[in-house]
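Novice: here's my sequence, what's the structure:
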Amino acid sequence: MLANSKAYSGFAVDDLERARRFYGETLGLKTTVLDEENGLMTLHLAGGRDTLVYRKPDFTPATYTILNFEVDDIDEAVDGLVERGVRFERYDAFDQDEKGISRGDGPYIAWFKDPAGNILSVLQEP
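Specialist: Below you'll find the predicted structure:
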């Protein structure tokens, strides 16, 4: 029934302007504010995968990874994000190196949070 529907994802934040600055300036993504008064913004992701970001008054950060950014060189990506002020998360369940990168089974991955506390990652296929 929905096989040909153009679906898109979305997630909530508590402060749309802080989110716009983080995603647009810190991460370097193209953003479009759709409705400032009602708190709606689009992230224009590679491959035509737009994502809706919306302000939610009773916001609670996601406890799971909401966006994964695949990169060619995870060390370069982590170093570049650290230079822009991004802090990487540490999780007891994962063996992570000094940069916060987990290089175990599966993709190499490092997690960080947006200003609202939502979890994001950069990952590289080994």
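Novice: ok, then the element right after the lengthiest helix in the chain?
Specialist: In the chain, assigned by DSSP state H, the helix with the most residues is helix 74-83. The element immediately downstream of helix 74-83 (helix or strand, assigned by DSSP states H and E) is strand 108-113.
Novice: chain center to that following strand, what's the gap?
Specialist: Relative to the centre of its chain, strand 108-113 is centred 9 Å away, using CA atoms, centre = their mean, to the nearest Å.
Novice: doesn't V82 make contact with F88?
Specialist: Yes. Counting by CB atoms under 8 Å, F88 does reach V82; the two are 7.4 Å apart. For the C-beta atoms, the positions are set from N, CA and C on the backbone; glycine is no exception.
Novice: joint contacts of those two?
Specialist: By CB atoms under 8 Å, 6 or more residues apart in numbering, F88 and V82 have these common neighbours: K99.
Novice: what secondary structure does R21 sit in?
Specialist: Reducing the assignment to helix, strand or coil with DSSP: H, G, I helix; E, B strand; the rest coil, the entry for R21 is helix.
Novice: ok, now which ones touch the closest residue to G104 other than its chain neighbours?
Specialist: Of all residues beyond its chain neighbours, the one nearest G104 is D95 (5.8 Å), with distances taken as CB to CB, 6 or more residues apart in numbering. Residues in contact with D95, defined by CB under 8 Å, 6+ apart, are 102-104.
Novice: cool, and I109?
Specialist: With CB under 8 Å, 6+ apart as the criterion, the residues that contact I109 are 68, 74, 101-102, 121-124.
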